[in-house]
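Asks: here is my input; please provide its structure:
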Amino acid sequence: MKQIVLAIALLFLSCAALATPFKPYTAKYKIKAFGLTVGQATRDLTINNDDAYGLEMHSWSTSMFLKMDVTENSKGNIETNHPASYRYVKKQGDKNKTSIVTFDWPDLTAVSEYKGQQYVLPLHDDTQDKISYQLQMRKDLMGGKKEFIYTLVDDRKIEVYQFNPKGHETIRTSIGTLDTVRMEKESDKSKRSTTFWLAPKYNYLLVKLEHVEHGTASTITIDDLKFR
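Replies: Numbers count the residues shown, from 1 in each chain. Okay, here's the model as predicted:
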């Protein structure tokens, strides 16, 4: 159970072309596994007048079997989709983990501080961090794109994420019954899968995430949504 809860929390945190139509918002989610509520999560998006954005993901366990708290924060420019900095902090028992990425766009490099070491990684114009790619995905869906491939800085290396649209699906949530687009992440591991449900009504905001590993499913489902 510990591994499943950790995996879903990280996916949520780790669970966006046009001038942005996004509104700042705060969303709350419930995390469930084995039919039980095992945690909660929030997402908060702020946008300033100069197109600077701040996207923060916070996930924590409410299970007596696992005490864990994870926060991710991305800052950058919402119009150019260029992240400027990314910070990840995980607290689990007596263990803490922190990683920081700083993006230098004029030099097309990123400096990643991971486990006490620095890694200098090459950037392309579309490189994202581990949560900003979800903002780009929302923009791509609004723009009618058919391919969803994202290059991102992942600790000490560059990773490529690919999502495949699987049509529309209606789901019931605490904020109402919603039409969603189902997006499945490609994985080279047959025993692992990740699926996003994004609501066109809210410019493809994430309303549900499911992670399946070794036959066990964990889900994050929206519980409350407020725009500012």
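Asks: go through the helix or strand encompassing residue 71 and flag the buried ones.
Replies: If you go by DSSP states H and E, residue 71 is part of strand 68-77. By 16 or more other C-beta atoms under 10 Å, the buried positions in strand 68-77 come out as 68, 70, 71, 72, 73, 74, 75, 76. To be clear about C-beta, it is placed using only N, CA and C from the backbone, and glycine gets the same treatment.
Asks: run me through the strand neighbours of the strand or helix carrying residue 89, direction for each.
Replies: Using DSSP H and E, residue 89 falls within strand 82-92. Strand 82-92 has the following sheet partners, assigned by DSSP bridges: strand 68-77 (antiparallel), strand 95-104 (antiparallel).
Asks: including mean pLDDT, could those strands go into a markdown table?
Replies: As requested, the strands paired with strand 82-92 are arranged in a markdown table below (pLDDT from 0 to 100):
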| stretch | mean pLDDT |
| --- | --- |
| strand 68-77 | 97 |
| strand 95-104 | 95 |
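Asks: re earlier: how about residues contacting the strand holding residue 71?
Replies: Residues external to strand 68-77 that are found in contact with it (C-beta atoms under 8 Å, 6 or more residues apart in numbering): 5-6, 9-10, 13-14, 39, 51-61, 82-92, 103, 129-132.
Asks: one more: stretch 152-165?
Replies: In contact with stretch 152-165 (C-beta under 8 Å, 6+ apart) are residues 86, 99, 101, 103, 110, 112, 114, 117, 119, 121-122, 127-130, 132-133, 137, 146, 148-151, 181-186, 196.
Asks: who touches stretch 30-45?
Replies: By C-beta under 8 Å, 6+ apart, stretch 30-45 touches 1, 4-5, 8-9, 12-13, 22, 24-29, 53-63, 66, 68, 206, 216-221, 223.
Asks: among the residues you listed, which lie within strands?
Replies: If you go by DSSP state E, these have 25-29, 53-61, 68, 206, 216-221, 223 in strands.
Asks: next one: the residue lying closest to residue 97 once chain neighbours are set aside from residue 98, what distance?
Replies: In this structure, residue 97 finds its nearest non-sequential neighbour in residue 90, 4.5 Å apart by C-beta to C-beta, 6 or more residues apart in numbering. Look at residue 90 and residue 98: by C-beta to C-beta, to the nearest Å, they are 8 Å apart.
Asks: ok, the two, which is more surrounded?
Replies: Using other C-beta atoms under 10 Å, the more surrounded residue of residue 90 and residue 98 is residue 90, with 19 against 14.
Asks: quick check: the more buried one touching residue 99?
Replies: No - with contact defined as C-beta atoms under 8 Å, residue 90 does not reach residue 99; the gap is 9.0 Å.
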